[in-house]
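Novice: Could you look at this predicted model? Sequence included:
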Amino acid sequence: MRISVIDASKRFGDFTALDRVNLDVRSGELLALLGPSGSGKTTLLRIVAGLDWPDDGQVQFDGEDALSRPAGKRRVGFVFQHYALFRHMTVFENVAFGLRAKPRAERPGETEIRRRVDKLLDLVQLRWLAERYPAQLSGGQRQRIALARALAIEPKVLLLDEPFGSLDAKVRKGLRRWLRNLHREIHVTSIFVTHDQEEALEVADRIVVMDKGHIEQIGTPQQVYSNPQTPFVHEFIGESVVLPVFVQDNQVRFDGRPIGIVPKGMADGAATLFARPFDVTILPARAGDADLKGVVKRIHGIGPARRLEIEIGNEQASRTIEIDASRSRQWHVGQAVSVRPEQYHLFPDRL
Ligand code: ATP
């Protein structure tokens, strides 16, 4: 099932939760909606689900209007962070629920229900828990059962809202891989909401980065990480070294001095330079070179890495940046260094 969201906006009173959002979800892909709290991820998911409606815009499933179809008719399966299983039902009965709740004409017979539930429990690798009650399961097991229950109705679309949000970090990591593999097997068009960038980068085919009700960028994990299109995406995904600079006379300047970077056709004016900490080289300072100058303020050594906190600029424009440094050199606090971004992105500051 292909999903298209076209110019969708949603307001709550004066507050715009979604602002003309356009999104195409390809059939069979696993798409992550990633963004900070309040960026509109859940609102967008609820609109696709049919649990909420946009004030303007359209939602189409395979090119057909979905907004006129109620949630029950959209063939959508859900898993939410706190989607409680029915406490008084066994795992088996929880998974069978969607099948038993079908109208009589569509309801499979008891043998068929048993066959399908067993198959789903095999799929989530928890058949051995079929006779347990939800209270006798771990958090991770509950979410896997919730997923089996969502899949029981053979949905065309699977929507997951922070499905692993309430679990501890280690369980979460395991379940991420598990979800990735499961999706490879079942290949149903899936959208999952997360505010955890690591989760999105590891699991998703494509990531939709959202902020303040709009989409900042859509791309593969590689694209959004290596080629962020906006300052927000650069800072939100992965670590960033951030420097306020000024472009003038085909030079990038920090604190009034050129820093050895050519702005490549960028208009003069205030800008911000972003780099990944591992893309910045540090060398002992030499007199006369045109690099950024700094002083080592602190050194941390975590595992094989060496990370330096470096203060650059003078008192008016000083900045502390953190950079991964070569272990083969000796660094000491108070040392004068040259700082050179080898890979970077320059964005003009918006007026
Ligand atoms: P989180 O990661 O915290 O769940 P989110 O990106 O999913 O955030 P949404 O739940 O979509 O964000 O909410 C977007 C904005 O819309 C928030 O500022 C929220 O307060 C507001 N909002 C959501 N639902 C309602 C509502 N029913 N009434 C009023 N405001 C709402």
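Specialist: Great, that's in hand. Numbering: from 1, shown residues only.

Novice: so, in contact with the ligand or not, the host helix or strand of residue 6?
Specialist: When secondary structure is defined by DSSP states H and E, residue 6 falls within strand 3-12. Yes - judged by CB under 6 Å from any ligand atom, strand 3-12 and the ligand are in contact via residue 12. For glycine as for every other residue, the C-beta is placed from the backbone atoms N, C-alpha and C.

Novice: what's next to that strand, contact-wise?
Specialist: Residues from elsewhere that reach strand 3-12 (CB atoms under 8 Å, 6 or more residues apart in numbering): 16-25, 40, 43-44, 47-48, 52, 54-61, 63, 66, 157, 189, 191, 213.

Novice: What about the ligand: which of those touch it?
Specialist: When CB under 6 Å from any ligand atom is applied, the members of those adjacent to the ligand are 17, 40, 43.

Novice: thinking the second one is in contact with residue 215, fair?
Specialist: No - because the distance of 9.1 Å does not satisfy CB atoms under 8 Å, residue 40 is recorded as not touching residue 215.

Novice: about what we covered before: quick check: PyMOL command selecting the buried ones in the contacts of strand 3-12.
Specialist: The command below creates a PyMOL selection of those among these that count as buried (16 or more other CB atoms under 10 Å):
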select buried, resi 16+17+18+21+23+25+40+43+44+47+48+52+54+57+59+61+66+157+189+191+213
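
Novice: Looking at the contacts of strand 3-12, which are in strands?
Specialist: With strands taken from DSSP state E, the overlap with those comprises 16-25, 56-61, 157, 189, 191.

Novice: What separation do you get for residue 43 and residue 9?
Specialist: When CB to CB, to the nearest Å is applied, the distance between residue 43 and residue 9 equals 10 Å.

Novice: Ends of stretch 261-274, what's the gap?
Specialist: Using CA to CA, to the nearest Å, one end of stretch 261-274 lies 13 Å from the other.

Novice: same thing with stretch 99-107?
Specialist: For stretch 99-107, by CA to CA, the gap between its terminal residues amounts to 6 Å.

Novice: now stretch 336-346
Specialist: Using CA to CA, one end of stretch 336-346 lies 25 Å from the other.

Novice: now swap in stretch 221-236 and tell me
Specialist: 13 Å.

Novice: in it, what's buried?
Specialist: Residues of stretch 221-236 classed as buried under the neighbour-count rule (16+ other CB under 10 Å) are 221, 224-225, 228-229, 231-234, 236.

Novice: about what we covered before: sheet partners, orientation included, of the strand holding residue 6?
Specialist: For strand 3-12, sheet partners with direction are given as strand 15-25 (antiparallel), strand 56-61 (antiparallel), following DSSP bridges.

Novice: what pairs with the nearest residue to residue 25 once chain neighbours are set aside across the strands?
Specialist: Among residues not flanking residue 25 along the chain, residue 3 sits closest, at 4.0 Å (CB to CB, 6 or more residues apart in numbering). With DSSP bridges as the criterion, the beta-bridge partners of residue 3 are residue 25, residue 61.

Novice: Can you tell me how far residue 3 is from residue 211?
Specialist: Per CB to CB, residue 3 is found 21 Å from residue 211.

Novice: okay, and the common contacts of residue 40 and residue 215?
Specialist: Between them, residue 40 and residue 215 have residue 21 as joint contacts when contacts are counted by CB under 8 Å, 6+ apart.

Novice: circling back: who touches both of residue 43 and residue 9?
Specialist: Taking CB under 8 Å, 6+ apart as the contact rule, residue 43 and residue 9 both touch residue 18.

Novice: Could you write out the alpha-carbon coordinates of the lengthiest helix in the chain in CSV?
Specialist: Selection of the longest helix in the chain by residue count, based on DSSP state H, yields helix 169-186. Coordinates of the C-alpha atoms in helix 169-186 are reproduced here as CSV (Å, rounded to 0.1, in the frame of the first residue of the first chain):
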residue,chain,number,x,y,z
ALA,A,169,18.1,0.8,26.5
LYS,A,170,19.4,-2.8,26.0
VAL,A,171,16.0,-4.3,25.3
ARG,A,172,15.3,-1.5,23.0
LYS,A,173,18.4,-2.2,21.0
GLY,A,174,17.5,-5.9,20.7
LEU,A,175,14.0,-5.1,19.6
ARG,A,176,15.1,-2.6,16.9
ARG,A,177,17.1,-5.3,15.1
TRP,A,178,14.2,-7.7,15.6
LEU,A,179,11.7,-5.2,14.0
ARG,A,180,14.1,-4.7,11.1
ASN,A,181,14.3,-8.4,10.4
LEU,A,182,10.5,-8.9,10.9
HIS,A,183,9.8,-6.1,8.4
ARG,A,184,12.0,-7.8,5.9
GLU,A,185,9.9,-10.9,6.3
ILE,A,186,6.4,-9.3,6.2
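
Novice: Surely residue 143 is in contact with residue 79?
Specialist: Yes - between residue 143 and residue 79 a contact is recorded at 6.8 Å, counting by CB under 8 Å.
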